[in-house]
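> Let's see this in three dimensions:
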Amino acid sequence: MKYLSSNNTKRLDRSLIAVLVVLWALLGLFVLYPLMRLLYIVFIVEGSFTLSNLSEVFTNWYNRKALLDSLILATSVAISGTFLGFIFAFAETRISLPRIVKWFIGAIVVLPFVSPPFTSSIALTLAIGPNGLLLKLLGIPDFNIYGFWGTWLAETLTYFPIAFLTLAAVLNAIDQNLEDAAMSMGSSRWRTFHTITLPLSAPGIANAFLLLFGCSLADFATPLVMAGHTFPVLTTQAYLQITGMYDLQGGATLSFILLIPALLVYLLQHYWIEKRSYVTVTGKSGGRGSARGAGTVLETLILLLISIISLFIIFLYSMIFFGSLVKVWGVDNSFTLENYVYVFTVGKEAIKDTLLIAVTSTFLGSVIGICIGYLVSRPDLPWRKTLEFTSLLNYVLPGTVVGIAYVVAFNSGPLVLTGTMFIIVALCAFRYDAAGIRAIVASMQQIDTSIEEASLSLGASRATTFFRVTLPLIAPAVTTGMRYLFVVSMTAVSAIIFLVSVRWSLLTVRILECITELLFAQAAAFSVVLVLIVFAAMGIIALMFRLIYPNYMRAR
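The predicted structure is shown next:
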């Protein structure tokens, strides 16, 4: 894959054209076609364009309340999650802490990423739900965790690590010499923090806010477990409309309403990233200064808050582990391994199916992500921005929207895939390869094209150049994408819940079934097994790339 020059005009060679044709065909089938079918079923009735479906949805006060509740919840989670993410990121990058403490902060952040999206919901239910351990220890007889507050708390704990990762990168990129210069001119640590560090972090803060807003808006699992009837949100309403009332058109219409704020959030985020200019690191910069913090009082408050939150997260995940070792939580807390026997007998098929789908999705999605990431990083590729946007579209849309769109598209018509493994693999591959695409594009931008040109000029073929030169250089990015793809394929639920059939059982769906049947001990055991599988797989993927490309992986 490369560009050839002839008479000072660059053109695409045949192999690259073939790859583009295949990619566009796949994106058209598994990204654009489902979305078009969704729009068709919402706006076309008996062959004519109409807004009757939308008006019917909005005349229902409960649906209007669900929309308002979704926006309130998303805004609240974005504010609290961004605040916590900034606090953790600031502690790691601006406060002098022992390495073991920084490792501990990173370990706390990793837990929500390798857990099912409703793990926090299970833990909170075991801790402060009916017969909750924490309520018994504190002597609180009655406490209703379900509704807005429980959903907000569970989502905040689940998504604040996203803000942490975003803001840690931003704070690391700020030249600390600016802070040193301000303090050398007599500025206090607090004044330096709120006049230099905080303003320069504004793009990252806004980006983290928008990311968390979108994550909360698209969350399906947490509200289904924690929200209850008094706090409806659009994602659960769309799910219940389809599975409870068998109204596919009504569910599609509700998901379309959810699509609008999700796209607005994405466009705002994209506009902010593209237009911002907060450059502090240039080729003329000197050595980086040391971390100066924000003053003793503020640092003490930050470390105290981090300690409380970290201990609370450890407590919640301990609840998951201990909850998996009791017979009936809150009723019979005697020790037993029956829950794990249940997982490896009754849930054996779910483990096998989930692993098969996750491995297949990871392989297929990684190949697609590498091809797209490689192509869109080439400035002379025609329509490369369109290719990039189309490849990220399924990721931008809420999982509920994508899942319903796949049901609408592949439940009837020229291509029927509902009930097969292939439709689940296609959804995972074309929805969750976005992280790999972005990582590969960022990595490719750091590689001088003359490196590939030198290999080709020495007689190496295009394939040899790609596998022996380009791929080793982007191996860390590929590893990142593969690990993310495997994790989300193992833990996803909001999109694939609509595509699961009796022939294919998934771990996340089994956990959700256990929760709805109030089998919290079995749900906890499934969650522990799932987390262990994900941790093992992440290590295997990293080891695989380290063995194949040892020099490049060590260098990165």
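> Where does V500 sit, in terms of helix or strand?
For V500, there is no helix or strand it lies in under DSSP states H and E.
> nearest residue to L124 other than its sequence neighbours?
Closest residue to L124 apart from its sequence neighbours, by Cβ to Cβ, 6 or more residues apart in numbering: A154 at 5.6 Å. The C-beta positions use only the backbone N, C-alpha and C, and glycine is treated the same way.
> elements contacting the helix or strand where that neighbour lies?
Per DSSP H and E, A154 falls inside helix 148-173. Judged by 3 or more Cβ pairs under 8 Å, 6 or more residues apart in numbering; DSSP states H and E, helix 148-173 is in contact with helix 61-94, helix 99-113, helix 119-128, helix 202-218, helix 221-226.
> Near E299, how many other residues are there?
18 (other Cβ atoms under 10 Å).
> how far away is it from P116?
35 Å (Cβ to Cβ, to the nearest Å).
> Then F193?
Going from F193 to P116 by Cβ to Cβ gives 37 Å.
> quick one, which of the two is more surrounded?
Applying other Cβ under 10 Å to F193 and P116 shows that P116 carries more neighbours, namely 25 against 22.
> give the contact list for the more buried one.
The contact partners of P116, by Cβ atoms under 8 Å, 6 or more residues apart in numbering, come to 221, 491, 493, 507-508, 511, 527, 530.
> backbone phi and psi for it, please?
Per-residue torsions, P116: phi -60, psi 150 (degrees, to the nearest 10).
> quick one: R94 and L303, what's the gap?
Taking Cβ to Cβ, one finds R94 at 12 Å from L303.
> Kindly tell me how buried the nearest residue to L32 once chain neighbours are set aside is, as a neighbour count.
Nearest residue to L32, sequence neighbours excluded (Cβ to Cβ, 6+ apart): T390, at 6.8 Å. A count of nearby residues for T390, using other Cβ under 10 Å, gives 18.
> Counting neighbours, show which residues of the helix or strand hosting T390 come out buried.
Per DSSP H and E: T390 is located in helix 384-396. By neighbour count with 16 or more other Cβ atoms under 10 Å, helix 384-396 contains the buried residues 384, 387-388, 390-396.
> same deal with stretch 324-342?
For stretch 324-342, using 16+ other Cβ under 10 Å, the buried residues are 324-326, 329-330, 333, 339-340, 342.
> Likewise for stretch 349-356?
Counting neighbours by 16+ other Cβ under 10 Å, stretch 349-356 gives 350-351, 353-355 as buried.
> what about it, distance to the chain center?
Mean C-alpha position of stretch 349-356 versus that of the full chain (Cα atoms, centre = their mean, to the nearest Å) differs by 21 Å.
> And for stretch 429-438?
Worked out by Cα atoms, centre = their mean, stretch 429-438 lies 10 Å from the chain centre.
> Need the distance between the two termini of that stretch.
15 Å (Cα to Cα, to the nearest Å).
> Would you mind listing the outside residues contacting it?
By Cβ under 8 Å, 6+ apart, stretch 429-438 touches 26-27, 30-31, 361, 364-366, 368-370, 372-373, 376, 388, 391-392, 394-395, 399, 402, 477-478, 480-482, 484-485, 488-489, 492, 495.
> go again using 7 Å as the cut-off
30-31, 361, 364-366, 368-369, 372-373, 391-392, 394-395, 402, 478, 480-482, 484-485, 488-489, 495 (Cβ atoms under 7 Å, 6 or more residues apart in numbering).
> what does stretch 62-72 give?
So stretch 62-72 is in contact with 57-58, 217, 231-234, 237, 254, 257, 261, going by Cβ under 7 Å, 6+ apart.
> Please flag which of these sit within helices.
Judged by DSSP state H, the subset of the contacts of stretch 62-72 located in helices is 57-58, 217, 234, 237, 254, 257, 261.
> ranking those by neighbours, who comes first?
Most surrounded of those: other Cβ under 10 Å gives L254, at 31 neighbours.
> show me what contacts the residue nearest to that one when sequence neighbours are not counted?
By the measure of Cβ to Cβ, 6+ apart, the closest residue to L254 outside its immediate chain neighbours is A238, 4.0 Å from it. Shown in contact with A238 (Cβ under 7 Å, 6+ apart): 251, 254-255, 400, 404.
> out of these, who has the most neighbours?
L254 (31 neighbours).
> Please name the residues that touch it.
L254 touches 57, 63, 234, 237-238, 241, counting by Cβ under 7 Å, 6+ apart.
> Mean pLDDT per helix and strand in this protein: which one sits at the bottom?
One helix or strand of the chain scores below all others by mean pLDDT, DSSP states H and E: strand 3-6, with a mean of 40.
> How about P141, nearest residue that isn't a chain neighbour?
Nearest non-adjacent residue to P141, counting by Cβ to Cβ, 6+ apart: L135, 7.7 Å away.
> name the helices or strands packed onto the helix or strand containing that neighbour?
In this structure, L135 sits in helix 133-138 according to DSSP H and E. The contact analysis (3 or more Cβ pairs under 7 Å, 6 or more residues apart in numbering; DSSP states H and E) places helix 133-138 against helix 119-128.
> What's the mean pLDDT across the helix or strand F315 falls within?
Using DSSP H and E, F315 maps to helix 296-323. Helix 296-323 carries an average pLDDT of 86.
> What residues of it count as buried?
Across helix 296-323, burial judged by 16+ other Cβ under 10 Å covers 298-299, 302, 306, 309-310, 313, 316-317, 319-320, 322-323.
> any idea how far that helix is from the chain center?
That offset, for helix 296-323, works out to 23 Å (Cα atoms, centre = their mean).
> Past that helix, which element shows up next along the chain?
Next along from helix 296-323, by DSSP H and E: strand 326-328.
> so how far is that next one off the chain centroid?
32 Å.
> what's it packed up against?
Going by 3+ Cβ pairs under 7 Å, 6+ apart, strand 326-328 lies up against strand 332-335, helix 520-548.
> could you dump those to JSON lines with distance to T158?
Below are the helices and strands packed on strand 326-328 laid out as JSON lines (distance: least, Cβ to Cβ, whole Å):
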{"stretch": "strand 332-335", "distance to T158": "26"}
{"stretch": "helix 520-548", "distance to T158": "13"}
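> can you redo those as a markdown table with distance to P472 and mean pLDDT?
Listed next are the helices and strands packed on strand 326-328 as a markdown table, based on distance: least, Cβ to Cβ, whole Å; pLDDT from 0 to 100:
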| stretch | distance to P472 | mean pLDDT |
| --- | --- | --- |
| strand 332-335 | 50 | 82 |
| helix 520-548 | 8 | 85 |
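> which of these sits most buried?
Stretch with highest mean neighbour count among the helices and strands packed on strand 326-328: helix 520-548 (a mean of 19; mean count of other Cβ atoms under 10 Å).
> Between helix 99-113 and that helix, find me the angle.
120 degrees (axes from the mean of the first three to the mean of the last three Cα atoms, to 10 degrees).
> So which elements touch helix 520-548?
Using 3+ Cβ pairs under 7 Å, 6+ apart: helix 520-548 touches helix 119-128, helix 296-323, strand 326-328, helix 338-345, helix 475-491, helix 507-516.
> Out of those, which is closest to P161?
Checking those against P161 by Cβ to Cβ gives helix 296-323 as the closest, at 10.0 Å.
> That closest one packs against which elements?
helix 61-94, helix 99-113, helix 119-128, helix 520-548.
> Next one: S255 from I41, what distance?
From S255 to I41 the distance is 10 Å (Cβ to Cβ).
> just S391 next, same as before
S391 is 24 Å from I41, by Cβ to Cβ.
> residues touching G481, list them.
366, 369, 433, 435-436, 439-440.
> try I533
Per Cβ under 7 Å, 6+ apart, neighbours of I533: M490.
> i'd like the first residue to be 11 from this point on
In the new count, where the first residue is 11, that last one comes out as I543.
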